[in-house]
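K.L.:
here is my input; please provide its structure:
(one chain, ligands or ions: 2)
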Amino acid sequence: MRTQVVIIGSGPSGLLLGQLLSQQGIETVILDRVSKDYILSRVRAGVLEEGTVQLMEKVGAAKRLHQEGLPHNGFSLTFDGRDHRIDLVDLTSGKRVMVYGQTEVTHDLMDAREAAGLVTIYDAADVEPHEFEGSGPYVTYRKDGINHRIDCDFIAGCDGFHGVSRKSVADGAIKEFEKIYPFGWLGILADVPPVNHELIYANHPRGFALCSMRSHTRSRYYVQCSLEDRLEDWSDQRFWDEIRRRLPDSHAESMVIGPSFEKSIAPLRSFVSEPMRFGRLFLAGDAAHIVPPTGAKGLNLAASDVHYLSEALIEFYRDRSDAGIDFYSQKALSRVWKAVRFSWWMTTMMHRFTDTGDFGQRIQEAELDYLVQSRAASTALAENYVGLPY
Ligand code: RFL
Ligand code: PHB
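P.N.:
Residues are numbered from 1 along each chain as shown. Ligands and ions are numbered 1, 2, ... in the order given. Just a heads-up that it's a prediction; the model follows:
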């Protein structure tokens, strides 16, 4: 088989790239090692920047997002018994975010791809990119016991942090930057109405907590937990008791509780690999970088990466120019590092650290106090949260 661009990974970055390219007549094949149902069972991000929403509109996959998504004009920061609202619209002259689950984004993009009759091969085993440093790259994989090869012009590695694309690059050609945080997030989904109409990010002596949502009847809640914790340690009752302790009384008292139907623990890390291009192989999304979820940036960075990458590839096919692809890595990384910085800062400000001592604790308190007193500091937070311009 031959195509123009092989996309490894059918997560949001791969699917969005596929739509952006096919709209311009560029042929793609998407390969994923797992099934469609498995991808749709993963519960992940929930907050979309306006730029991400606009990309969904551009590829004609935003109908349901506009029907069911919840526009949010602000969120709360609670700490030291205080409840401070960050008014995104006021602080950013009219910008807001959209609460709409990544699972739904993925679903809508899969539907758009299917409607356009484009090829996605699920359950593709042993996917491997080859010869991307030369002019004739190809990808091999195995499906139902049969070996396949797809020749192509370019390979897009959209296969997440554990994918094969980044690992295929020669050791000396890549530089990795990493920070592991000494805690994780325990998250649940439950069909109970959200405790507040906007998100609450809570800093508490017992640890961070986040109250988010998927709809008016479905809540997504998280608590900071130890990396040693196992899911069996966390009954629903323990979770509800713990999150209520970490919220101001008014919210704790009004929180509706009920059985969870999803529960998982995620470790927190910051990670960037440079560059994001190796000859005819490009990395995008979590394949190239990971941010802790505190700033709600992971999915949004995946979207901005594929925006830059699609523009570069479209320019290549339309103008026969390498300028865009030569500049892709630098352009994407410049936005990536700003989101990495913001996510690290939000994480540092909102979590309990056992390793920074009393000094670190006082610095955190001063940071929060400054943030709520200074419009300039609140504006910097709001500007990053709604997403820096592309
Ligand atoms: P994905 O979604 O991981 O998709 C990669 C796809 O590649 C496939 N794959 C392979 N296919 C073929 N061969 C191989 N060898 C392969 N290896 C992997 C996988 O099966 C998969 O289908 O990466 P992508 O597309 O780059 O998307 C990135 C986002 O998923 C991620 O950044 C976000 O979920 C992060 N994130 C959040 N981001 C936000 O913007 N806002 C949020 O509110 C937010 N909340 C979160 C989050 C991540 C979380 N976790 C998972 C820690 C909350 C949580 C709890
Ligand atoms: C979510 O709804 O899953 C969510 C929201 C905001 C975050 C992280 C996750 O910062």
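
K.L.:
which residues touch the residue in the stretch 51-200 of the chain positioned nearest to ligand 1?
P.N.:
Relative to ligand 1, the nearest point of the stretch 51-200 of the chain is residue 160 (2.8 Å; C-beta to the nearest ligand atom). The way it works is simple: take the backbone N, C-alpha and C, and place the C-beta from them, glycine included. Listed by C-beta atoms under 8 Å, 6 or more residues apart in numbering, the contact set of residue 160 reads 9, 11, 285, 286, 287.

K.L.:
just the residues you listed that are near ligand 1?
P.N.:
Residues of these in contact with ligand 1 (C-beta under 6 Å from any ligand atom): 9, 11, 285, 286.

K.L.:
nearest to residue 41 among the residues you listed?
P.N.:
When the ones next to ligand 1 among the contacts of residue 160 are ranked by distance to residue 41 (C-beta to C-beta), residue 11 comes first, at 12.9 Å.

K.L.:
is stretch 207-226 positioned near ligand 2?
P.N.:
Yes - judged by C-beta under 6 Å from any ligand atom, stretch 207-226 comes into contact with ligand 2 at 210, 212, 220.

K.L.:
most neighbours among those residues, which one?
P.N.:
Within the residues of stretch 207-226 next to ligand 2, residue 212 tops the neighbour count with 25 neighbours, counted by other C-beta atoms under 10 Å.

K.L.:
quick check: it vs residue 80, distance?
P.N.:
Separation of residue 212 from residue 80 (C-beta to C-beta, to the nearest Å): 22 Å.

K.L.:
helices of this protein, start to end?
P.N.:
For the chain, the helices defined by DSSP state H occupy 12-22, 36-41, 50-58, 63-68, 88-91, 102-115, 236-245, 249-254, 298-319, 323-350, 357-373, 375-386.

K.L.:
tell me the most buried of those helices?
P.N.:
Highest mean neighbour count among the helices of the chain (mean count of other C-beta atoms under 10 Å): helix 12-22, with a mean of 27.

K.L.:
next, the angle helix 102-115 makes with that one.
P.N.:
30 degrees (axes from the mean of the first three to the mean of the last three C-alpha atoms, to 10 degrees).

K.L.:
from now on call the first residue 632
P.N.:
Okay, using 632 as the starting number, the last item reads as helix 643-653.

K.L.:
and helix 643-653, what does it pack onto?
P.N.:
With contacts taken as 3 or more C-beta pairs under 8 Å, 6 or more residues apart in numbering; DSSP states H and E, helix 643-653 sits against strand 636-639, strand 659-662, helix 681-689, helix 733-746, helix 929-950.

K.L.:
residue 728 against residue 1017, yeah?
P.N.:
Yes - Residue 728 is in contact with residue 1017 according to C-beta atoms under 8 Å; the separation is 5.9 Å.

K.L.:
re earlier: closest to ligand 2 among the ones next to ligand 1 among the contacts of residue 791?
P.N.:
Ligand 2 lies nearest to residue 917 out of the ones next to ligand 1 among the contacts of residue 791, by C-beta to the nearest ligand atom, at 14.4 Å.

K.L.:
shouldn't the closest one be in contact with residue 931?
P.N.:
No - assessed by C-beta under 8 Å, residue 917 is found out of contact with residue 931, at 11.9 Å.

K.L.:
ok, stretch 979-991 near ligand 2 or not?
P.N.:
No - using C-beta under 6 Å from any ligand atom, stretch 979-991 stays clear of ligand 2, with a minimum separation of 9.6 Å.

K.L.:
quick one: mean pLDDT for that stretch?
P.N.:
Stretch 979-991 carries an average pLDDT of 92.

K.L.:
how about stretch 946-958?
P.N.:
The model assigns stretch 946-958 a mean pLDDT of 97.

K.L.:
just the terminal-to-terminal distance for it.
P.N.:
12 Å (C-alpha to C-alpha, to the nearest Å).

K.L.:
so which bits of the stretch 682-831 of the chain are right by ligand 1?
P.N.:
Counting by C-beta under 6 Å from any ligand atom, the stretch 682-831 of the chain sits next to ligand 1 at 733, 758, 789, 790, 791, 793, 794, 795, 816, 818.

K.L.:
dump these to TSV, plus distance to residue 979 and pLDDT.
P.N.:
Putting those into TSV (distance: C-beta to C-beta, whole Å; pLDDT from 0 to 100) gives the following:
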residue	distance to residue 979	pLDDT
733	24	96
758	37	98
789	29	98
790	29	98
791	25	98
793	26	97
794	28	98
795	32	98
816	15	98
818	20	97
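
K.L.:
among these, name the buried ones.
P.N.:
By neighbour count, with 16 or more other C-beta atoms under 10 Å, these hold 733, 758, 789, 790, 791, 794, 795, 816, 818 as buried.

K.L.:
for residue 1000, state which of those residues is nearest.
P.N.:
Distances from residue 1000 to these, taken by C-beta to C-beta, are shortest for residue 816, at 25.0 Å.
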